[in-house]
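Asker: here is my input, please return the structure:
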Amino acid sequence: MATTFTWGINTLERETDDGFVFTAHYTVNASDEAYSSGAYGSIGFQRPDNLIPYNQLDEPTVIGWVKEALGGDEKIAEIEAALQSQIDEQRHPSKAAGVPWAS
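Answerer: Numbering: from 1, shown residues only. Sure, this is the predicted structure:
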């Protein structure tokens, strides 16, 4: 079963005088047909030379900033691999609890 990874932005922190977004709070959710896992994080940004007006920002643009600030494709792959490992563990647990005489 293929796992789908969905990146999202929960909220942005900005300066009110010029709209500079200095922090993004993001989520990454992974799911297949039966199991899911997720992660939440925050990342800060350096002030760019050219600001996009706050009211013209869209989620895909900010997700791109987040992924770049995290370290690009290599870090994205690490995050998604960790979520995939959590789904794999749900599907085929490596640990269990109980007693053998109770059914």
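Asker: all the helices of the protein, residue numbers only.
Answerer: Assigned by DSSP state H, the helices in the chain fall at 59-70, 73-91.
Asker: what's the longest one packed up against?
Answerer: Counting contacts by 3 or more C-beta pairs under 8 Å, 6 or more residues apart in numbering; DSSP states H and E, helix 73-91 is packed against strand 21-31, strand 36-44, helix 59-70. C-betas here are computed from N, CA, C, even on glycine.
Asker: among those, show me which one is buried the most.
Answerer: Neighbour counts (mean count of other C-beta atoms under 10 Å) averaged over each of the helices and strands packed on helix 73-91 peak at strand 21-31, with a mean of 17.
Asker: partners of that one in the sheet?
Answerer: strand 4-14 (antiparallel), strand 36-44 (antiparallel) (DSSP bridges).
Asker: now those as TSV including distance to Pro100 and mean pLDDT?
Answerer: Formatted as TSV, the strands paired with strand 21-31 follow (distance: least, C-beta to C-beta, whole Å; pLDDT from 0 to 100):
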stretch	distance to Pro100	mean pLDDT
strand 4-14	38	98
strand 36-44	30	97
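Asker: using a markdown table, lay out the ones you listed together with distance to Gln86.
Answerer: Formatted as a markdown table, the strands paired with strand 21-31 follow (distance: least, C-beta to C-beta, whole Å):
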| stretch | distance to Gln86 |
| --- | --- |
| strand 4-14 | 12 |
| strand 36-44 | 4 |
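Asker: among those strands, which is nearest Gly64?
Answerer: strand 4-14 (9.5 Å; C-beta to C-beta).
Asker: output the closest one as PDB - backbone C-alpha positions only.
Answerer: What follows is strand 4-14 as a C-alpha-only set of coordinates in PDB (Å, rounded to 0.1, in the frame of the first residue of the first chain):
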ATOM      1  CA  THR A   4       0.600   9.600   1.100                       C
ATOM      2  CA  PHE A   5       2.500  12.400   2.700                       C
ATOM      3  CA  THR A   6       0.700  15.700   3.200                       C
ATOM      4  CA  TRP A   7       2.500  18.900   4.300                       C
ATOM      5  CA  GLY A   8       0.500  21.700   5.800                       C
ATOM      6  CA  ILE A   9       0.900  25.100   7.600                       C
ATOM      7  CA  ASN A  10      -0.900  25.500  10.900                       C
ATOM      8  CA  THR A  11       0.000  29.100  11.600                       C
ATOM      9  CA  LEU A  12       2.500  31.900  10.700                       C
ATOM     10  CA  GLU A  13       4.100  34.300  13.000                       C
ATOM     11  CA  ARG A  14       4.800  37.700  11.400                       C
END
